[in-house]
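*Asks:* Need coordinates for the below:
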Amino acid sequence: MLQAYGLKSHIWNNNLRSIILLVMFPVLLMGLAFAFLLLWSGFATDMSTQQGLVHALEAMPTAAPVALGISGAWFGVAFLGHQAMIDMATKSRSVTPSEQPRAYKLLENLCISRGITVPKLKIMNSPSMNAFASGIRDSNYTITLTTGLMEKLDDEELEAVIAHELSHIRNKDVRLLIIAVIFVGIFSFVGEGLFRGVLRTNLPRSDHHRRSGGGNAGALIFFGIAIIAISYLLAMLIRFSLSRKREFMADAGAVELTKNPDAMIRALQKISGQAELNVPAEVKEMAFENARTGFAGIFATHPPIEKRIEALVQFGGGRVGTQSRPERRIRTEAHEATEAQKSRMRRNPWGFPRQ
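*Replies:* Numbering: from 1, shown residues only. The predicted structure follows:
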């Protein structure tokens, strides 16, 4: 898994998928517009099937600018306000270094070690143990941690989770995720809304409607619903483009940043079974852990935690069953390392103390 998929190719693949999603969006939206015209012809007119299809095709040049305008407006609002939408859905809030010095220190140290712009830090008040990264560009990248995660993980384990989310930012995963959430969101909204409208609407049953060819309305409605279903299905399949490999890559990136695969394994073990978030499904796809079992596992975008631990052991040199180091020991070892470095600087090239 981690061997066969290079970081550069992963980033390039994410960029390519982002472009494909942006290109597919107006195309599928045209399909929805055409389906809406067919449904209108079937419900509101006495056109035959052929007449309804011709009418829908002739109306597309007029409907296309409207559909494209709606898509442009949606993307503009989502691009500028996606973080506000996520914050409203998760009830997360921004925190300052003085409010959360521990988490900020871990985040800043990781960013400084690689010359990365420090993302914003947000906290979500939840006993669940989870985290997620969001944003499209450097100015609005954000890492959100739950209070349960911060309370139950030690410094090394929390650092590993933060490094995992920071790796999603470095790998451009978050940009693809946000675009996919925006993409799937509008088709879910439009598709579900149209289906509800169809179910609540009765077909015209007047004698005049049947005599004038309205009996073919069923065919037009069938075609319209079929196109909506296909568009909706394609939009939902976007989630399959959110490859499970991105989680393995982020775990590997966290190990590269922290040099501590054991801490990541311990964090995964503690989080297992305690990560459920009461947030929209699209946000769950962005989370550190989003377990799905049974039939729903077919649609899972996260690999099982057991598989992630196996990968860390096999490819990252991690060990299962290690113990957390007390904070005092961490400070002592850091102090000893600093003193050793100072001692080396005081010695001459031959290893003797300087006079």
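*Asks:* where do the strands sit along the stretch 51-200 of the chain?
*Replies:* 92-94, 120-124, 131-134, 142-146 (DSSP state E, counting those that start in this stretch).
*Asks:* of those strands, which approaches residue 254 most closely?
*Replies:* strand 131-134 (11.5 Å; Cβ to Cβ). Placement of C-beta: from N, CA and C, glycine included.
*Asks:* Now distance to residue 66 too, for the strands of the stretch 51-200 of the chain, in CSV please.
*Replies:* Below are those laid out as CSV (distance: least, Cβ to Cβ, whole Å):
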stretch, distance to residue 66
strand 92-94, 35
strand 120-124, 36
strand 131-134, 30
strand 142-146, 34
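*Asks:* Of those strands, which is nearest residue 322?
*Replies:* So among those, strand 131-134 is nearest, using Cβ to Cβ, at 21.3 Å.
*Asks:* So what touches that closest one?
*Replies:* Taking contacts as Cβ atoms under 8 Å, 6 or more residues apart in numbering, the residues outside strand 131-134 that touch it are 82-83, 86, 119, 141-146, 149, 161-162, 164-166, 168-169, 173-174, 177-178, 283, 286-288.
*Asks:* the helices in the stretch 201-350 of the chain, which residues?
*Replies:* 207-211, 217-237, 245-258, 261-271, 281-284, 305-316, 327-346 (DSSP state H, counting those that start in this stretch).
*Asks:* lowest-confidence stretch among these?
*Replies:* Lowest mean pLDDT within those: helix 207-211, at a mean of 45.
*Asks:* Need the strands of the stretch 51-200 of the chain in JSON lines (columns: distance to residue 67, mean neighbour count and mean pLDDT).
*Replies:* Output for the strands of the stretch 51-200 of the chain, formatted as JSON lines (distance: least, Cβ to Cβ, whole Å; neighbours: other Cβ atoms under 10 Å; pLDDT from 0 to 100):
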{"stretch": "strand 92-94", "distance to residue 67": "33", "mean neighbour count": "15", "mean pLDDT": "94"}
{"stretch": "strand 120-124", "distance to residue 67": "34", "mean neighbour count": "19", "mean pLDDT": "96"}
{"stretch": "strand 131-134", "distance to residue 67": "28", "mean neighbour count": "27", "mean pLDDT": "94"}
{"stretch": "strand 142-146", "distance to residue 67": "31", "mean neighbour count": "25", "mean pLDDT": "96"}
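*Asks:* For residue 321, which of those is the nearest?
*Replies:* strand 131-134 (23.8 Å).
*Asks:* Do you know the pLDDT at the closest residue to residue 79 other than its chain neighbours?
*Replies:* Spatial nearest neighbour of residue 79, chain neighbours left out: residue 136 (6.7 Å); criterion: Cβ to Cβ, 6 or more residues apart in numbering. Residue 136 is assigned 86 on the pLDDT scale.
*Asks:* what does the one 3 residues further on give?
*Replies:* The predicted local confidence for residue 139 comes out at a pLDDT of 84.
*Asks:* Near it, how many other residues are there?
*Replies:* 9 (other Cβ atoms under 10 Å).
*Asks:* Any figure for the gap between it and residue 79?
*Replies:* 12 Å (Cβ to Cβ, to the nearest Å).
*Asks:* repeat for residue 234
*Replies:* 22 Å.
*Asks:* Could you do residue 162 as well?
*Replies:* In terms of Cβ to Cβ, residue 162 sits 26 Å off from residue 79.
*Asks:* Between the two, which has more neighbouring residues?
*Replies:* residue 162 (29 against 14).
*Asks:* That one is in contact with residue 107, isn't it?
*Replies:* Yes. Applying Cβ atoms under 8 Å, one finds residue 162 in contact with residue 107, separated by 5.4 Å.
*Asks:* got any residues that touch both of the two?
*Replies:* residue 143.
*Asks:* Please parse this structure into its domains.
*Replies:* The record assigns the chain these domain ranges, following automatic domain parsing: 7-90+178-241, 92-173+246-316.
*Asks:* Pick out the shakiest of those, pLDDT-wise.
*Replies:* The bottom spot among those, by mean pLDDT, belongs to domain 7-90+178-241, with a mean of 72.
*Asks:* now the top helix by length along the chain against strand 142-146, angle please.
*Replies:* When the chain is parsed with DSSP state H, its longest helix is helix 49-90. Taking axes from the mean of the first three to the mean of the last three Cα atoms, to 10 degrees, one finds that helix 49-90 is oriented at 70 degrees with respect to strand 142-146.
*Asks:* tilt between helix 49-90 and helix 217-237?
*Replies:* Using the same axes, to 10 degrees: helix 49-90 against helix 217-237 is 30 degrees.
*Asks:* Was I right to think residue 277 contacts residue 283?
*Replies:* Yes. Using Cβ under 8 Å, residue 277 makes contact with residue 283 at a distance of 7.2 Å.
*Asks:* any common contacting residues for these two?
*Replies:* residue 90.
*Asks:* closest to residue 228 out of the strands of the stretch 51-200 of the chain?
*Replies:* strand 131-134 (29.4 Å).
*Asks:* Please tell me how far that closest one is from the chain's geometric centre.
*Replies:* With Cα atoms, centre = their mean, to the nearest Å as the basis, strand 131-134 stands 8 Å off its chain's centre.
*Asks:* can you give me the end-to-end distance of stretch 139-153?
*Replies:* When the termini of stretch 139-153 are compared using Cα to Cα, to the nearest Å, they are 28 Å apart.
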